[in-house]
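S.K.: Whatever this is, show me its structure:
(one chain, ligands or ions: 1)
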Amino acid sequence: MKQIIRQIDETGRIVLPKPFREILGVNLKDNVVMSLGENEIILRKAGTECSLCGGEGIVEYRGILLCKNCVDDIATRAKD
Ligand SMILES: [Zn+2]
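M.R.: You can find the predicted model right below:
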């Protein structure tokens, strides 16, 4: 795993290293998803996962990305 040390600025921001952005195809103004792991923050490009659970296998519904599991769960709850 490649590592680069960056300093968090006085407002809590960091700059994503350009080489990392280029490798992952993350462009300026793109959205990213941050997840809290055990002693780490995981960051990935947004737009390829379910908006509710982060799962894969998504479909778009009215501009929202959802996985089949979440669609099925919503449909089940709507019937109740
Ligand atoms: Zn989901």
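
S.K.: Quick one: residues in contact with stretch 8-17.
M.R.: Ile4, Arg6, Gln7, Val26, Leu43 (C-beta atoms under 8 Å, 6 or more residues apart in numbering). The way it works is simple: take the backbone N, C-alpha and C, and place the C-beta from them, glycine included.

S.K.: Let's verify Ile42: helix, strand, or coil?
M.R.: The local conformation at Ile42, judged by DSSP: H, G, I helix; E, B strand; the rest coil, is strand.

S.K.: Look at it and say how many residues are nearby.
M.R.: 9 (other C-beta atoms under 10 Å).

S.K.: ok, now Lys45?
M.R.: For Lys45, using other C-beta under 10 Å, the count is 15.

S.K.: How about the contacts made by the closest residue to it other than its chain neighbours?
M.R.: Leaving aside its chain neighbours, Lys45 sits nearest to Val26 (5.1 Å; criterion: C-beta to C-beta, 6 or more residues apart in numbering). Residues near Val26 by C-beta under 8 Å, 6+ apart: Leu16, Phe20, Val32, Lys45.

S.K.: Report the two of the contacts of stretch 8-17 separated the most.
M.R.: Gln7 and Val26 (20.1 Å; C-beta to C-beta).

S.K.: Ile58 contacts Thr48, doesn't it?
M.R.: Yes: under the criterion of C-beta atoms under 8 Å, Ile58 makes contact with Thr48 at 7.5 Å.

S.K.: between these two, which one's more packed in?
M.R.: Neighbour count, other C-beta under 10 Å: between Ile58 and Thr48, Ile58 has more, with 18 against 11.

S.K.: so how far is the ion from the more buried one?
M.R.: As defined by C-beta to the ion, to the nearest Å, Ile58 lies at a distance of 8 Å from the ion.

S.K.: Ok, Ser51 next?
M.R.: For Ser51, the distance to the ion - C-beta to the ion - is 7 Å.
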